[in-house]
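In: Output the structure for:
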Amino acid sequence: MSDNSKIEWTDATWNPVRGCTKISPGCLHCYAETFAERFRGVPGHPFEQGFDLRLVPDKLGDPLRWSTARMIFVNSMSDLFHRDVPDDYIVSVARVMAAANWHTFQVLTKRADRLRDLLHGKLRFAAGQSHIWWGVSVENRKHGLPRVGLLRDTPAAVRFLSVEPLLEDLGQFDLAGIHWVIVGGESGPGARPMSAAWVRSIRAQCRAAHVPFFFKQWGGVRKKEAGRTLDGHTYDEFPAKSANPVPDSEALACLQETAAEYSVAARR
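Out: Numbers count the residues shown, from 1 in each chain. Got it, this is the predicted structure:
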């Protein structure tokens, strides 16, 4: 896990899976791939295999070792619902999230069809827990907006959209059943531009639907210079977080033992 994440809408990251593959235009300039490939072939580095997808069962129990509540972005360097991640492994990740309920988990995917199917099935036990937020990425109308409908068709207690990188005007779309919207432009070399009018349209729709709106960044080649204010304001809105207490030391130790068992089972 990485504490003090630089991602504006979370506190920490947790990656029990590493690596991914591209499936839509939003993946073109993937920051995670760019970072991981720098270390391909470096012996002993977490990304020695570059951005090749692999499970990391030794990381499964990490959230249970943090006794201070945090917002945790799950798989910032992968996609939990990638087709090559076994169902049983995803269930183990969800069991840890369910047990570590003093944290808030933010799960984001582009594989919205698998998310929907598993939340209706093997992950039903975790779907309705208010400290686990389930989200989909939305970059354009063709690929992104259908994910919103798939997300809506889940029993999740908290559903969110990460509209980043926003690549075009999304027009009017249905925010019913959505509890949070993040918007951001692409950053880094070759970043595709984002129009302020596209962002304002989403902000207006969030206001009309009473959905918290978080503006992450304008992006561009010089992300820091572009900043993250919109019309003179910084938008840092969040859904209400659950306030579950941290277990006492004895209960926490028991949870950690259980997480260790998950890790051992996942290695088999």
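In: Can you point out the buried residues in stretch 15-30?
Out: When neighbours are counted by 16 or more other CB atoms under 10 Å, the buried residues of stretch 15-30 are found to be 15-20, 25-27, 29-30. Bear in mind the C-beta positions are built from the backbone N, C-alpha and C, glycine included.
In: Need the residues you listed in JSON lines (columns: distance to G227).
Out: Formatted as JSON lines, the buried residues of stretch 15-30 follow (distance: CB to CB, whole Å):
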{"residue": "N15", "distance to G227": "28"}
{"residue": "P16", "distance to G227": "33"}
{"residue": "V17", "distance to G227": "32"}
{"residue": "R18", "distance to G227": "31"}
{"residue": "G19", "distance to G227": "31"}
{"residue": "C20", "distance to G227": "29"}
{"residue": "P25", "distance to G227": "25"}
{"residue": "G26", "distance to G227": "22"}
{"residue": "C27", "distance to G227": "25"}
{"residue": "H29", "distance to G227": "20"}
{"residue": "C30", "distance to G227": "23"}
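In: Among these, which pair sits farthest apart?
Out: Using CB to CB, those span at most 27.0 Å, a distance reached by P16 and P25.
In: What is the distance between stretch 45-63 and the centre of its chain?
Out: In terms of CA atoms, centre = their mean, to the nearest Å, the centre of stretch 45-63 is set 16 Å apart from its chain centre.
In: how about the longest helix seen in the chain: buried residues?
Out: In the chain, assigned by DSSP state H, the helix with the most residues is helix 249-267. Neighbour counts using 16+ other CB under 10 Å place 252, 255, 259, 262-263, 266 of helix 249-267 among the buried residues.
In: Can you tell me what sits against it?
Out: The contact list for helix 249-267 (CB atoms under 8 Å, 6 or more residues apart in numbering) reads 55, 57-58, 60-61, 64-65, 67, 88-89, 92, 95-96, 99-100, 246-247.
In: Tell me the buried residues within these.
Out: Buried subset of the contacts of helix 249-267 (neighbour count, 16+ other CB under 10 Å): 55, 57, 60-61, 64, 89, 92, 95-96, 99-100, 247.
In: Which members of those residues occur in helices, if any?
Out: Among the buried ones among the contacts of helix 249-267, DSSP H puts 89, 92, 95-96, 99 in helices.
In: Now distance to K6 and pLDDT too, for the residues you listed, in JSON lines please.
Out: Output for those, formatted as JSON lines (distance: CB to CB, whole Å; pLDDT from 0 to 100):
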{"residue": "Y89", "distance to K6": "27", "pLDDT": "97"}
{"residue": "S92", "distance to K6": "28", "pLDDT": "95"}
{"residue": "R95", "distance to K6": "29", "pLDDT": "95"}
{"residue": "V96", "distance to K6": "24", "pLDDT": "95"}
{"residue": "A99", "distance to K6": "27", "pLDDT": "95"}
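In: which one of those residues is nearest V74?
Out: V74 has its nearest neighbour among these in V96, at 9.7 Å by CB to CB.
In: From H120, how far out is that closest one?
Out: Distance, V96 to H120, by CB to CB, to the nearest Å: 21 Å.
In: Just the pLDDT at the nearest residue to P155 once chain neighbours are set aside, thanks.
Out: Leaving aside its sequence neighbours, P155 sits nearest to A127 (CB to CB, 6 or more residues apart in numbering; 4.6 Å). Per-residue pLDDT puts A127 at 97.
In: Does A127 touch A157 like I think?
Out: Yes - using CB atoms under 8 Å, A127 makes contact with A157 at a distance of 7.3 Å.
In: before we move on, the earlier item: the ones in helices among the buried ones among the contacts of helix 249-267: which two are farthest apart?
Out: Taking CB to CB, the two most distant members of these are Y89 and A99; they sit 16.0 Å apart.
In: Could I get the contacting residues of the most centrally placed residue in the chain?
Out: Closest residue to the average C-alpha location of the chain: L108 at 3.0 Å, with CA atoms, centre = their mean. When contacts are counted by CB under 8 Å, 6+ apart, L108 touches 73-75, 79, 135-137, 160, 162.
In: How about C30: what's its closest non-neighbour residue?
Out: Of all residues not flanking C30 in the chain, K22 sits nearest, at 6.9 Å (CB to CB, 6+ apart).
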